[in-house]
Structures are given as structure tokens and as C-alpha cells.
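Student: from the sequence below, what's the structure:
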Amino acid sequence: MSSQQQHCVVIGAGMVGSSCAWSLRRAGFAVTLMDYQEPGQSTSFGNCGCISPNQILPFSYPGIWRELPSWLFNRLGPLFIRWRYLPELAPWFWQFWRSSNWAKVQQIAAAQAPLMRRVIEDFDHLVSSIGASDLVRAEGMINVYDTMEEFRQAKWRYELMDEHGFEWDILAPAELKIMAPELRLDSGMALFYPQWWHSVDPGALSARVAQAGFAEGVSWMKDKVSSVEANDKRVKVVTESGAHVRADQLVVAAGAWSTRLAKQLEHRSVPMTPKRGYHAHIADPGLSLRYPVTSSSRFFVMTPMADGIRIAGTAEFASLDAAPDYRRAQVLLEHGRHYLPNLQTSGVSEWMGQRPMMADSLPVIGRSPRNPRVLYAFGHGHYGLTQGPSTGQIIAQLAQRVAPGIDLEPYRYDRF
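Tutor: This next block holds a predicted model:
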């Protein structure tokens, strides 16, 4: 059956889902894109805006368990667990721990690298095709450490980046002063990642991808999915409004909510949990940044946006439906003022989003092991914006039964 005769339903209108819908439509499929929110208005709306191809390392690594206690009991620390939810989080943390040995870290980096190597080319193709180049900048990124010792302890990270061909450079203090004159680093050190891009409005960028799909014939359905079914002939999606949508193929790209759908289709679920992140957006910061600045000491990022500076980060583990704790956003402001002493913080807006975090930090991309008409595109964690265009292209190729040119074995649903 040719793609022109097939109908695909894509659930999820963030950067990943919208990219899948656009790529499928360009490949000739009839496409319906579904979400209960407007395109780009969930997690894609409030992320840090970074397009970060050199981030190939997992979030679990040797020694992290020695660091956890100091993080958990530090008000300004990068990690917080709502202890009442620990029983439901325990299976995820078990798999997370299993990914922390050195052999596993090397394996995950080697699996992530081929996908990340194509990110910039795929992103450039997408934004050029839809006329969204005004929403991205190819400036690179500054990464800082508060002390030289912290950098020395993290040297293994850069050795792995070297091994897989990702660029980084040490910035001399004079170079840093020219590139980011407002930044205070004291006795720390700075690196430069030349391959990074960033979006000055990631929510608008995600929405524009969806709108480009609509302009080419993608159908939009604003509704919440209540159930999904699949057999060897068709798939069916039932929504809360009572709609029954039948199609030839289904793409599950609903971010942190994807496992609720996948559980209806598979014998077992995957170890994914919402890793909640916050941002504080400053519309009138009183200063300007040209480059995004990340702190490897404090685990957050400051990104120049079209309408100010966004400070984003932290990791909070709780139930998917737990209420936000905006004290985490206030912590980000304190970190921002540490590095930018002249930062003005009046008129701040706060936000919380749910990163779909796999225990091994690798996304799920590929065909369902049980339902050949179901494709998965979720679990991108911090890199949904980064990997969205590439994932969209891969999903469109899989839907056409075309080899995607990348080994998808490490991303399969049943790898655990």
C-alpha cells in the first residue's frame, strides 16, 4: 500500500509529534495530529530552547549516587524528590542505577551519538523548509564550572565527546569577557560548544512546525485521547469527546504521557518517568546575553530569548499529576543572580513542564514489538527540541517501510 493511500494518526503536538506529522505529510500520508492542548503549548513551550547535539551522555553515571545526598538536602541543589511518590518511582530509579556503570555509560553515549550527529542538518532542513529560521540562532554555547577541580572531575565527559567527534574548547578569561561581559565566574572556568544552536521562542517554533503541517494538509484534532487499540489491519483512537478515529498507522509522541497509551498496546511498560523542570522567564533583565550559558556546577541554563532571558533547569521527581512547586523556579533566579550580578528580576513569569525521562536517557523510537501498525517517538528527556526534526524524519521513513539509515536497536521499546 502506498503512503498516499495511508492515514496516520499522531498523538502529541509538541516538537517531536509536530515534526512527525510534518514529515509524514511530506512523505505523502494523510495525517491527523491530536493533542488536548494547542501545538507547542505543553513541555515544548517552556523548555530552555537549546538545540544541543553534543549531549550524548546519560544522566546516570559512575559516582552519581555519592552526590545525591548532598543534592537532595541542599535547597539550591539540582535535584528534588517528593518522598511520598518514592514507591511509584522506585522501579525507575532501579533501572537508572543499572545505567550508572562505566560500560553502560559508554554504550549509551555510542547509541546517542549517531542520532545527535544528524541533528543540525535535520533541524536546518526543517526550519528552512517551513520559514522558521528567524526563530533559531547558530551561536554556540558557553558552559561554566565554578572551580577547576569540578572540571577535572568531569574530564571523562569531554574524552567521550572527543571520541564521538563533538567539539568543545576551553575559553581564556579574556575571550569569556568579550563573549559574555556581564558574566561573573570568579575562580571558575568556561568552555565553548560551537555546534549548539538555540531557539529564541521554542513554543512558537513547535507551533510553527505544526502549522506548516496544517498548511500542507495535516488535519488537527484538539481532544484528549482516552484509549488506543491496534490489530494487524487497523488502529483506533477513542477520545474523551467520543470521537472514534481509525487509521492505518499510529504514532505515539505524547511525551511524558506516552506510557499511559503504550500500556494499552503492550504487555509491559518501559521505565520512563516525568522529570519535572522549571523556568523563570525575565522579560526585562536589564542586560543582554548573546550565547546560552549553562552551569555544569549548578545544573541549569540561561538562554537569550526574543523577549528576555529564560533561566531553566532543576530536576524534580513526583507524580505526573502532582501540583507544581514554584519554589524551584525561585532557586533558578538565585543561581542566575550568582553569575549575572546585574540581573534585574522584576516581572518574572514561572512555568513547570514534564520531561519524558527514560531511565537510560535514550528515547524510544521505532515500531512497537507487538503491534506493527504502531510507531513510538517518545522519551527524549531534555532533548525533545533537539531531536524532534530527526525523529520526525525517522518515523516517516519507518511508516514507509524505508530503512532510516541509523541503527534503531538501542532505541527499541523492548530493550529493557
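Student: from here on, just use CA atoms for contacts and neighbour counts.
Tutor: Will do.
Student: test my guess that residue 269 contacts residue 262.
Tutor: Yes: assessed by CA atoms under 8 Å, residue 269 is found in contact with residue 262 at 6.9 Å.
Student: those two: who's more crowded?
Tutor: More neighbours surround residue 262 than the other of residue 269 and residue 262, with 21 against 16 (other CA atoms under 10 Å).
Student: quick check: that one vs residue 407, distance?
Tutor: 22 Å (CA to CA, to the nearest Å).
Student: same deal with residue 241?
Tutor: In this view, residue 241 and residue 407 are 39 Å apart by CA to CA.
Student: give me the residues contacting stretch 18-28.
Tutor: Stretch 18-28 is touched from outside by 3-4, 8, 10, 12, 30-33, 39, 206-207, 209-210, 212-213, 216-218, 388-389, 391-393, 395-396, 399, with contacts defined as CA atoms under 8 Å, 6 or more residues apart in numbering.
Student: which of those residues fall within strands?
Tutor: 8, 10, 30, 31, 32, 33 (DSSP state E).
Student: could those go into CSV alongside neighbour count?
Tutor: Converted to CSV, the ones in strands among the contacts of stretch 18-28 look like this (neighbours: other CA atoms under 10 Å):
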residue, neighbour count
8, 27
10, 27
30, 21
31, 27
32, 22
33, 25
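Student: the one helix or strand in the chain whose mean pLDDT sits lowest: how far from the chain's middle?
Tutor: Counting by mean pLDDT, DSSP states H and E, the weakest-scoring helix or strand in the chain turns out to be helix 64-72, with a mean of 75. Mean-position distance between helix 64-72 and its chain equals 23 Å (CA atoms, centre = their mean, to the nearest Å).
Student: which of the helices or strands spans the residue nearest to residue 213 when sequence neighbours are not counted?
Tutor: In this structure, residue 213 finds its nearest non-sequential neighbour in residue 22, 4.6 Å apart by CA to CA, 6 or more residues apart in numbering. Assigned by DSSP states H and E, residue 22 falls within helix 15-26.
Student: just want the angle from that helix to strand 7-11.
Tutor: 170 degrees (axes from the mean of the first three to the mean of the last three CA atoms, to 10 degrees).
Student: picking that back up, next, count neighbours for the residue nearest to residue 213.
Tutor: 29.
Student: try residue 95
Tutor: Per other CA under 10 Å, the neighbour tally for residue 95 reads 17.
Student: and residue 14, by the same measure?
Tutor: The local packing of residue 14 (other CA under 10 Å) involves 32 other residues.
Student: please begin residue numbering at 46 from this point
Tutor: Yes, from this point I'll number from 46; that puts the last item at residue 59.
Student: any idea how far residue 427 is from the residue lying closest to it once chain neighbours are set aside?
Tutor: Excluding its sequence neighbours, the residue lying closest to residue 59 (CA to CA, 6+ apart) is residue 85, at 4.8 Å. Going from residue 85 to residue 427 by CA to CA gives 15 Å.
Student: same drill for those two, tell me which one is more crowded.
Tutor: Neighbour count, other CA under 10 Å: between residue 85 and residue 427, residue 85 has more, with 26 against 22.
Student: right, and the more buried one touches residue 248 too?
Tutor: Yes: shown here, residue 85 and residue 248 form a contact pair, counting by CA under 8 Å, at 4.9 Å.
Student: endpoints of stretch 111-131, how far apart?
Tutor: Span of stretch 111-131 from end to end, CA to CA: 19 Å.
Student: in that stretch, what's buried?
Tutor: Under the neighbour-count criterion of 16 or more other CA atoms under 10 Å, stretch 111-131 has 121, 122, 123, 124, 125 buried.
Student: pLDDT below threshold where in this protein?
Tutor: Low-confidence segments of the chain (pLDDT under 70): 46-49, 116-121.
Student: same thing but 50
Tutor: 46 (pLDDT under 50).
Student: tell me where it has helices.
Tutor: Ranges of helices in the chain, per DSSP state H, are 60-71, 88-91, 109-117, 131-143, 147-162, 164-175, 193-198, 200-208, 218-224, 247-260, 303-307, 372-384, 429-444.
Student: distance to residue 344 for those - can I get that in a markdown table?
Tutor: Formatted as a markdown table, those follow (distance: least, CA to CA, whole Å):
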| stretch | distance to residue 344 |
| --- | --- |
| helix 60-71 | 23 |
| helix 88-91 | 17 |
| helix 109-117 | 11 |
| helix 131-143 | 18 |
| helix 147-162 | 19 |
| helix 164-175 | 23 |
| helix 193-198 | 13 |
| helix 200-208 | 15 |
| helix 218-224 | 20 |
| helix 247-260 | 20 |
| helix 303-307 | 26 |
| helix 372-384 | 10 |
| helix 429-444 | 18 |
